[in-house]
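Asks: Sequence and predicted structure, then a few things I'm wondering about:
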Amino acid sequence: MRNVPGLNGIDFSPEINMVRYLQRIKQYPILEQDEEYKLAVRYQQNKDPEIAKILVTSHLRLVVKVVSKYRGYGLSMAEMISEGNMGLLYAIEKFEPDKGFRFSTYALWWIKASVQKYILNSWSLVKIGTTAAQKKLFFNLRKIKNKLNVMDDRELSSDVLKGIATSLDVSVQDVTDMNMRLKSHDGSLNTLIDSSSDGGSEWMDFIADNKPNQEDVYAHAETMKYRRNLFNKALVCLNSREKDILFKRRLCDKAVTLDDLSKTYNISKERVRQIELNSIKKLSRTIEAGKWA
């Protein structure tokens, strides 16, 4: 298991023999709320690994309970428990007992986050999706289908697809695509699909590389460099106020509002807008004419 600051030397990884691991963690007592609070306060003060060990071992069964809900993803239970235990260790480091919550309530989020991250990373070499809605779809689609008594090998009707998409705030196409992914585990890109030729052909051989070649990348970089040079040279046509307004309105990560600039220069918001647009026009004319000092 990876090291966590303050907890080095503690190993709570499940053994290959899961039965033996589950029997072992049952030996650790579950703490009463007052005892848990006192230990958490002491650990927050001195980072004693022995105290952390007591807090962690008393919640190892919580990790197993969480992981048991993800058994349908075809991944090793031992690996998922190991990742869940990592989340438990991080929770120990960040837990603030004085806020009044039980440690199990706080740790639950860290355990789930660690397990779900492992599942997403392990499920496929192909990105499933990183938005909150896509992750919610990935982890809830099978649960919803079970409630609807829909088997994995059955196509979903349009009404069911629309209902799931609405409830999870994703598109119908997202639901359709994810359902196809969950119905069949990803195969290896090195799987032979044609053994007639020398060495055989693999799926990898039929995947097109859509990345631009080196010549295209270089040409694009040169074009952007040329445009930046033109822009920088053309800036001489603007006075200091025009440059300042243009940069703050169009070239900053967060545009400054018309109202703020009107107060800065003691002019109306409409006047700021006019200066902004006129500056763009002046730059365009200067670049087209190629006239700069």
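Replies: Received, thanks.

Asks: only C-alpha atoms for contact and neighbour calcs from this point on.
Replies: Noted.

Asks: Provide the secondary structure category for I30.
Replies: On the three-state scheme (DSSP: H, G, I helix; E, B strand; the rest coil), I30 is labelled coil.

Asks: What score does the closest residue in space to I92 that isn't next to it in sequence have for pLDDT?
Replies: Excluding its sequence neighbours, the residue lying closest to I92 (CA to CA, 6 or more residues apart in numbering) is A52, at 7.0 Å. Looking at A52, its pLDDT stands at 90.

Asks: shouldn't A52 be in contact with Y43?
Replies: Yes - assessed by CA atoms under 8 Å, A52 is found in contact with Y43 at 6.6 Å.

Asks: E79: neighbouring residues, count only.
Replies: For E79, the count of nearby residues is 18 (other CA atoms under 10 Å).

Asks: next one: Q173
Replies: Neighbour count of Q173, defined by other CA under 10 Å: 12.

Asks: Give me the local confidence score for it.
Replies: Reported pLDDT for Q173: 78.

Asks: Give me the phi and psi for it.
Replies: Q173 adopts backbone torsions of phi -60, psi -40, taken as degrees, to the nearest 10.

Asks: Can you tell me how far it is from L137?
Replies: 12 Å (CA to CA, to the nearest Å).

Asks: if we can go back for a sec, which SSE is the residue nearest to I92 in?
Replies: helix 49-57 (DSSP states H and E).

Asks: I would like the residues contacting the helix or strand following that helix, please.
Replies: Downstream of helix 49-57, the first helix or strand assigned by DSSP H and E is helix 60-67. For helix 60-67, the surrounding residues in contact (CA atoms under 8 Å, 6 or more residues apart in numbering) are 25-26, 77, 80-81, 84-85, 88, 104, 108, 111-112, 115.

Asks: R273: what secondary structure?
Replies: Secondary structure, three-state DSSP: R273 is helix.

Asks: In the stretch 1-150 of the chain, where is pLDDT below threshold?
Replies: Within the stretch 1-150 of the chain, the segments meeting pLDDT under 70 span 1-16, 74, 123-135, 142, 146, 149-150.

Asks: what about the strands in it?
Replies: In the stretch 1-150 of the chain, no strands are defined using DSSP state E, counting those that start in this stretch.

Asks: tell me, how many neighbours does the residue nearest to M80 when sequence neighbours are not counted end up with?
Replies: Nearest non-adjacent residue to M80, counting by CA to CA, 6+ apart: V115, 5.8 Å away. The number of residues packed near V115 is 24, by other CA under 10 Å.

Asks: Hmm, E83 and V115 touching each other?
Replies: Yes - here V115 reaches E83: they are 5.6 Å apart, a contact under CA under 8 Å.

Asks: hmm, back to that, just the buried residues out of the contacts of helix 60-67, in ChimeraX syntax.
Replies: What follows is the ChimeraX syntax for the buried subset of the contacts of helix 60-67, where burial is set by 16 or more other CA atoms under 10 Å:
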select :25,77,80,81,84,85,88,104,108,111,112,115
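
Asks: Closest to E35 out of the contacts of helix 60-67?
Replies: Checking these against E35 with CA to CA, the nearest one is S104 at 13.4 Å.

Asks: ok, that closest one - contacts?
Replies: Contacts of S104 by CA under 8 Å, 6+ apart are H59, L62.

Asks: cutoff 10 Å now
Replies: E36, L55, V56, S58, H59, L62, V63, L88, A91, I111 (CA atoms under 10 Å, 6 or more residues apart in numbering).

Asks: now swap in N278 and tell me
Replies: L238, E242, L246, V272, S284 are the contacts of N278 under CA under 10 Å, 6+ apart.

Asks: And the pLDDT for the second one?
Replies: Looking at E242, its pLDDT stands at 92.

Asks: Over to it. Which of the three states is it?
Replies: helix.

Asks: how far out from the middle of the chain is whatever helix or strand S279 lives in?
Replies: Using DSSP H and E, S279 maps to helix 269-289. Distance, stretch centre to chain centre, for helix 269-289: 40 Å (CA atoms, centre = their mean, to the nearest Å).

Asks: cool, stretch 73-85 as well?
Replies: Counting by CA atoms, centre = their mean, stretch 73-85 comes out at 19 Å from the chain centroid.
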